[in-house]
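1. Return atomic coordinates for the entry below.
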Amino acid sequence: MRSGSRPPADPDEVRLEKGTGSAGRGNGPGGGFWHIYLGTTRAGAVYINVIDELPLGTHASIQIKVNQNCQGRGIGRIAYRLASVASEHNTVYAHMRKSNLASRKAAEYAGYVVDEDVSTPQLIMVWKRPGKHR
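-> Numbers count the residues shown, from 1 in each chain. Down below sits the predicted model:
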């Protein structure tokens with residue numbers, strides 16, 4: 001089945017469950033790791049690390065992996081938002097290839113916008129906690 005023909009996930013059926021993560025996958029200072037569930041099915045994982053990379057310097061960075069059999073159902077867009085809100089950070093960045101349109105659309109749906117202030121080969125998007133724009 002092509003990913004575009006899969007029925008969208010019911011947003012009420014997508015939830016995160018806190019996990020412990022591992023080194024480089026949400027288990028460091030300021031990090032967070034969550035398993036993504038669609039109903040009772042584990043659908044992937046999302047994690048936030050605090051990293052120090054140019055051109056942003058020290059910042060919270062989100063990564064998401066939706067299992068292949070669950071892709072194309074809008075799960076990533078819900079998980080991006082849930083993890084960002086559940087994190088301790090008021091600002092979270094998402095780094096992705098500029099050609100990764102599915103990730104860009106998922107991040108945009110979750111409230112991320114392209115950070116026009118940085119120039120890198122990657123696409124950098126930023127989410128700011130509502131009411132905490134600083």
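2. How about residues contacting the helix or strand harbouring Trp34?
-> Assessed by DSSP states H and E, Trp34 sits inside strand 32-38. Strand 32-38 is contacted from outside by 9, 13-22, 25-27, 42-48, 64, 66, 70, 73, 75, 79, 82-83, 86-88, using C-beta atoms under 8 Å, 6 or more residues apart in numbering. Where you see a C-beta, it was placed from the backbone N, CA and C, and this is true even at glycine.
3. Just the buried residues of the strand or helix carrying Lys65, please?
-> Per DSSP H and E, Lys65 falls inside strand 57-66. If you call a residue buried by 16 or more other C-beta atoms under 10 Å, then strand 57-66 has these buried ones: 59-64, 66.
4. quick revisit: make a PyMOL selection of the buried ones in the contacts of strand 32-38.
-> Restricted to buried positions by 16+ other C-beta under 10 Å, the PyMOL selection for the contacts of strand 32-38 reads:
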select buried, resi 9+14+15+16+19+21+25+26+43+44+45+46+47+48+64+66+70+73+75+79+82+83+87
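5. secondary structure class for His89?
-> coil (DSSP: H, G, I helix; E, B strand; the rest coil).
6. residue contacts, it?
-> 30, 48, 60, 129.
7. measure it to Val46 for me?
-> 13 Å (C-beta to C-beta, to the nearest Å).
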